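Visitor: need coordinates for the below:
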Amino acid sequence: MPDANVPPAWEYTRQDKVSLAMMGNFSTSATAGRFQGLGATLLSQLAQTGQNISQSVLRSTTGKALEPAELAAAQDRLHSHPANSISLTLKTASGKTIELSLSSQDDGLAVQAQVSGGDLSDDELNALNAMADGFQSAIDGLTAKPPTLKLDALTHFDSKAFASVDMKTSLKLEDGSAQTLELHADADQRSVRMSGALGNLELSVDLKNAAIRGDSAQQAKALDGYVSQIESARKRGDGDAQLLSMFEDAFKTLHSNYPDTRASTAAKTVSSIELTDTDHGLLTGLGDFSASVSEKSVEGNPARPGELDTFAYTLSQTTQSKGRDQLNRTIVQDQQSQLTASYHKPLPGGQKLALSTDPASQNYLYYQVSDQASSKASIGYKKGELVDATLSQSASQSTRIAKYVMGRLEKDTHMPVSTSRTQSFLSVLQQALQQDKEAKQGRGTSTLKDTLAGIHAKVLLQSDPSKLNG
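Guide: Next comes the predicted model:
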């Protein structure tokens, strides 16, 4: 045990806000307590002073005060290789770099904040200060038990002041493994990657193709639709509620508050041809993305090691445009989802599941689920006339249930269901476009808006074959 008479060793003797916050937090051992309010305080102090910050506090583990050389080495290790680390890197629109880090381990707590590339302007300092609470909110979520993702303020940053935001965290868990997170956001993309005790999630949103994005109402409907799909996948695959909740939160965060349209340095997937309201009616309204979530596989039955409990789910959207000009072009938007899962459940009316090598415990159902869904919208123009408006969709679900009683297979049921449909909206759109044209000339009433809304409701991915048939 450390000697209570040996005082903690501070890197600098200061009474600034950061040092006072560290002094208060150092008495607790929990990671959440160590970092409580510290991220916001560090960011605010940098924003208020514009001065680089470095501070650490170390407790002796030997009962003796560290020699100066030992202390310097220990401080360096604490800053560079701690058990728990959080870093935030901001690139300003003017080319400067802001780097912040928080480090913690059993015997130490440290922070650093530095600016390179020149002094920050008043506007940059104000924008930095405005991010303090959001940075702390992200930290609080990640250090909570169970963890949550509160990343809105970091992905929806002030684009006039900042060009990019990167956050990286590594937090030691009770079993010795690490919970890690990497977040990146700039004008072209947003991404989140997380790995932890429950499993892994990875999401990336392409922001370059602003033309394919719909209005806020259309985006909200698409987001609701996808969240519903994620929830359905969780139920069908018996996915972990906490992991899927974080996946949903990350999905909504990355797709919310898209940045204002502005010039991008990256190559575009969709050309700069302007899309019409008709085009948007056949598109989701969201930016292209890829998203995946998976649980760590578990051997759920000691008597049958091959019977794993698993869950893996992927979602994606890609959009491609071809054509030489506004009058002659095609757009294809493809949505895909895939679910594979396996899990154990007790027999209906049976005892609580407690599988062991004892045959008396081997009364259960073993589910194996494999689902796929797709939705492909195709739009085409020739000499300015709409010549193609097609939606092709498919959904398949495979469910296999093995029933075991006293460890013996009594029933093995396989239930595959699939359906597909292709719809052409060409004639209904041509009619609505003609009515809209006449309405603008004072003849009749336009139904185009209602027609497009009705089509958009059918465009979104649907993983349930029965609903696709409906």
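
Visitor: buried set for stretch 382-389?
Guide: For stretch 382-389, a neighbour-count test (16 or more other Cβ atoms under 10 Å) marks 386, 388, 389 as buried. Heads up, the C-betas are built off the backbone N, CA and C, glycines and all.

Visitor: swap that for stretch 73-91, please
Guide: Residues 74, 75, 78, 79, 82, 83, 84, 85, 86, 88, 90, 91 are the ones in stretch 73-91 that count as buried (16+ other Cβ under 10 Å).

Visitor: restricting to C-alpha, output it in CSV.
Guide: Taking Å, rounded to 0.1, in the frame of the first residue of the first chain, the C-alpha atoms of stretch 73-91 are listed here in CSV:
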residue,chain,number,x,y,z
ALA,A,73,10.2,9.1,-16.7
ALA,A,74,7.0,8.1,-14.9
GLN,A,75,5.3,11.4,-16.0
ASP,A,76,6.4,10.8,-19.6
ARG,A,77,5.0,7.2,-19.5
LEU,A,78,1.7,8.5,-18.0
HIS,A,79,1.3,11.0,-20.8
SER,A,80,2.2,8.6,-23.6
HIS,A,81,1.2,5.0,-22.5
PRO,A,82,-1.5,5.2,-19.9
ALA,A,83,-4.1,2.5,-19.1
ASN,A,84,-6.9,4.9,-20.0
SER,A,85,-6.5,7.5,-22.7
ILE,A,86,-8.8,10.1,-24.4
SER,A,87,-7.5,12.3,-27.2
LEU,A,88,-9.1,15.0,-29.3
THR,A,89,-7.5,16.5,-32.4
LEU,A,90,-9.0,19.5,-34.1
LYS,A,91,-7.8,20.9,-37.4
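
Visitor: from the chain's centre, how far out does it sit?
Guide: 25 Å (Cα atoms, centre = their mean, to the nearest Å).

Visitor: for the record, mean pLDDT for that stretch?
Guide: Per-residue pLDDT over stretch 73-91 has a mean of 94.

Visitor: tell me what the one helix or strand residue 370 maps to is packed against?
Guide: Taking DSSP states H and E as the definition, residue 370 sits inside strand 364-382. Judged by 3 or more Cβ pairs under 8 Å, 6 or more residues apart in numbering; DSSP states H and E, the packing partners of strand 364-382 are helix 216-237, strand 328-346, strand 385-405.

Visitor: for the protein, which segments are assigned as helices?
Guide: For the chain, applying DSSP state H gives helices covering 17-25, 31-34, 38-49, 68-80, 122-130, 132-143, 152-155, 216-237, 241-255, 277-281, 426-440, 448-459, 465-469.

Visitor: identify whichever of those helices lies nearest to residue 289.
Guide: Residue 289 lies closest to helix 241-255 among the helices of the chain, at 7.3 Å (Cβ to Cβ).

Visitor: in the closest one, what's buried?
Guide: Neighbour count says helix 241-255 has 243-255 buried, by 16+ other Cβ under 10 Å.

Visitor: hmm, who's touching that helix?
Guide: 146-152, 155, 190-192, 194, 198-199, 201, 203-205, 219, 223, 226-227, 230-231, 233-234, 286-287, 289, 291, 293, 295, 315 (Cβ atoms under 8 Å, 6 or more residues apart in numbering).

Visitor: and stretch 340-349, by the same measure?
Guide: 236-239, 300-301, 307-313, 352-353, 355, 363-371, 403, 405.

Visitor: can you select the buried ones among these for me in ChimeraX?
Guide: Applying 16+ other Cβ under 10 Å to the contacts of stretch 340-349, the buried members can be selected in ChimeraX as follows:
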select :236,237,238,239,300,301,307,308,309,310,311,312,313,355,363,364,365,366,367,368,369,370,371
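
Visitor: residue 334 contacts residue 374, doesn't it?
Guide: Yes - at 7.0 Å, residue 334 and residue 374 qualify as touching, with contact defined as Cβ atoms under 8 Å.
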